[in-house]
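> The following block contains a protein sequence and its predicted model.
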Amino acid sequence: MKQLKDPKKIFFYIVLAIIIIAGIVLVATKGFNVELKYRANKKIELAIGETVDVSKIQEKADEVFGKGKSIVQVVEIFQDSVQITAEEISEEQKNSIVEKVNELFPQEATTEGEEPTQLLDASKITIDSNENARLRDFLKPYIIPTIVVTLVILVYYAILYRKLGVKKVIIKSVLIIVLSQLVLLSILAIVRFPMGKLTTPLILLVYVTSLIYTSGSFIKKAKS
């Protein structure tokens with residue numbers, strides 16, 4: 001009862017509850033701020049035919065789509081083709097980016113007196129839709145290994161700290177793991193952190209930290 005009446009702990013639990021509720025509301029209304037490559041998008045591929053400086057093409061893409069609203073990446077082993085990904089690509093935007101890329105790679109006339117041809121022909125470049133990109137697909141490979149590791153750790157804790165009560169140990173461990181992840185995801189939703197390649201390391205960091213904290217609390221109780 002003393003622990004429940006501790007003002008600091010009560011305040012801590014209230015703050016956690018507010019964070020989780022706010023996170024749930026934001027996810028339900030706006031969703032997570034998912035990186036472009038992990039949500040529905042459109043792509044065009046430009047076959048340059050020579051080694052390209054991706055940063056220069058990214059600058060042109062930023063002029064067309066807005067800064068930070070597109071991704072330019074090399075798609076061929078010889079680094080002579082690039083793929084431009086954006087949430088939406090209209091025909092006008094496609095034509096514009098092709099025109100700007102052509103300016104980076106001016107062509108010479110093959111015959112004296114003829115006009116130089118353009119490197120890229122916008123009419124031959126198609127806009128491909130990727131409607132199946134999902135953040136959960138990025139996380140999917142980690143789900144089963146994490147569940148297996150967690151079950152093994154729970155069994156280990158139950159055996160190692162059985163004097164504290166197997167049921168109590170398992171329930172407390174699960175609550176701490178789940179609560180820590182809920183708080184993390186809620187914070188990421190609140191601050192609009194871009195969910196993507198950095199999400200997994202953060203989740204794993206918090207996961208490991210929660211296990212260390214749980215083990216430490218059991219050791220402390222076992223000694224008392």
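Yes, it's here. Not measured: the values here are computed from a predicted model.
> Contacts only, for the residue lying closest to K69 once chain neighbours are set aside.
For K69, ignoring the flanking residues on the chain, the nearest one in space by C-beta to C-beta, 6 or more residues apart in numbering is A86 at 6.1 Å. To be clear about C-beta, it is placed using only N, CA and C from the backbone, and glycine gets the same treatment. Residues near A86 by C-beta atoms under 8 Å, 6 or more residues apart in numbering: 36, 41-43, 61, 65, 69-71, 93.
> of these, closest to V174?
If you rank the contacts of A86 by distance to V174 using C-beta to C-beta, L36 comes first, at 34.6 Å.
> Thought S70 was touching that closest one, still the case?
Yes - judged on C-beta atoms under 8 Å, L36 makes contact with S70 at a distance of 7.5 Å.
> Overlap of the contact sets of those two?
Overlap of the contact sets of L36 and S70 (by C-beta under 8 Å, 6+ apart) consists of 85-86.
> Give me the more crowded residue out of the two.
Higher neighbour count among L36 and S70: S70, with 23 against 17, using other C-beta atoms under 10 Å.
> what pairs with that one across the strands?
With DSSP bridges as the criterion, S70 is bridged to A86.
> the domain parsing of this protein - what is it?
Domain ranges of the chain: 13-29+135-223, 40-130, per automatic domain parsing.
> give me the low-pLDDT residue ranges for this protein?
Residues of the chain that meet the criterion pLDDT under 70 lie in 1-5, 108-116, 132-135.
> now do 90
For the chain, applying pLDDT under 90 flags the ranges 1-13, 30-41, 47-54, 68-69, 73-81, 87, 102-123, 128-144, 194-200, 220-224.
> Could I get the full set of strands for it?
Using DSSP state E, the strands of the chain run over residues 41-47, 70-74, 81-86, 128-130.
> which non-adjacent residue is nearest the residue positioned nearest the centre of the chain?
In the chain, the residue lying closest to the centroid (C-alpha atoms, centre = their mean) is G196, at 0.9 Å. Leaving aside its chain neighbours, G196 sits nearest to E35 (3.2 Å; criterion: C-beta to C-beta, 6+ apart).
> what about the one you found, distance to I147?
E35 sits 25 Å away from I147, going by C-beta to C-beta, to the nearest Å.
> Pick out whichever of these two has more residues nearby.
Neighbour totals were compared for E35 and I147, and E35 leads with 17 against 10 (other C-beta under 10 Å).
> follow-up on the earlier one: specify which member of the contacts of A86 is nearest to L16.
Closest to L16, out of all of the contacts of A86 and judged by C-beta to C-beta, is L36, at 31.4 Å.
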